[in-house]
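**Q** Quick one, structure for this:
(2 chains)
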Amino acid sequence: DAGITQSPRYKITETGRQVTLMCHQTWSHSYMFWYRQDLGHGLRLIYYSAAADITDKGEVPDGYVVSRSKTENFPLTLESATRSQTSVYFCASTSGQGGSEAFFGQGTRLTVV
Amino acid sequence: GQNIDQPTEMTATEGAIVQINCTYQTSGFNGLFWYQQHAGEAPTFLSYNVLDGLEEKGRFSSFLSRSKGYSYLLLKELQMKDSASYLCAVGGGSQGNLIFGKGTKLSVKP
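**A** Modelled structure (predicted):
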């Protein structure tokens, strides 16, 4: 099915563990983004990618790592999870810069205990 | 800096009209987006304005004034299913991403 999918949908992990959130899109969109959504903050950009092998930091990148070896995949890794990283994470993609509509994955609800 | 302001919460009655305002100050501008987000779900696209004026799409309309850094989303003939958060976002951040406001939670009452 065409679209953008995230996995897992829900994850509970312990402080200090490494966790990877997966994102896959079937449109061959150039741009992909990772946002986190927290009460009182709205959606904040963690990392973005303009194309395969091109990534850059967003507003809140500390503690996160991304890679983009293939256009369709954009995994987000928490190297050593902290409680402050408990959040809902959304992956999104667009076909071009700025003026293009962004499509969002279903989200991953991550709890760090 | 980047700043997008919208009211935190609004309440309206089924069948009525509601206007959700958004003001923005951003370093770049490549359009103003409105997204709808139901609780526990992903945001979904509602509208896009890049030129000044009103864009109408069924029960929803969106207005933009670039000189004032102002937009609004107008919802007509409100239905219970319109209860959701409405996110104002500006396109054209330095990374080509969307910069989001914190969202307006709309509750529609019978």
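**Q** From the chain's centre, how far out is stretch A:20-29? Work that out for me.
**A** 9 Å (CA atoms, centre = their mean, to the nearest Å).
**Q** Same question for stretch B:35-44.
**A** How far stretch B:35-44 lies from its chain's middle: 12 Å, per CA atoms, centre = their mean.
**Q** So it, near chain A or not?
**A** Yes - residues of stretch B:35-44 are located near chain A by CB under 8 Å from any CB of the partner chain, namely B:41-44. For every residue, glycine as well, the C-beta is placed using N, CA and C.
**Q** which parts of that stretch are buried?
**A** Buried residues in stretch B:35-44, defined by neighbour count with 16 or more other CB atoms under 10 Å in any protein chain shown: B:35-37, B:42-43.
**Q** what do you get for stretch A:22-40?
**A** A:23-25, A:29-37.
**Q** Which member of the buried residues of stretch B:35-44 is positioned nearest chain A?
**A** B:Ala42 (4.0 Å; CB to the nearest CB).
**Q** Go through the residues of chain B and report the one nearest to chain A.
**A** The nearest approach of chain B to chain A comes at B:Asn30, 3.1 Å away (CB to the nearest CB).
**Q** Surely that residue forms part of a strand?
**A** No - assigned with DSSP: H, G, I helix; E, B strand; the rest coil, B:Asn30 falls outside any strand and is coil.
**Q** so it touches B:Val50, yeah?
**A** Yes - taking contacts as CB atoms under 8 Å, B:Asn30 lies within contact range of B:Val50: 7.1 Å.
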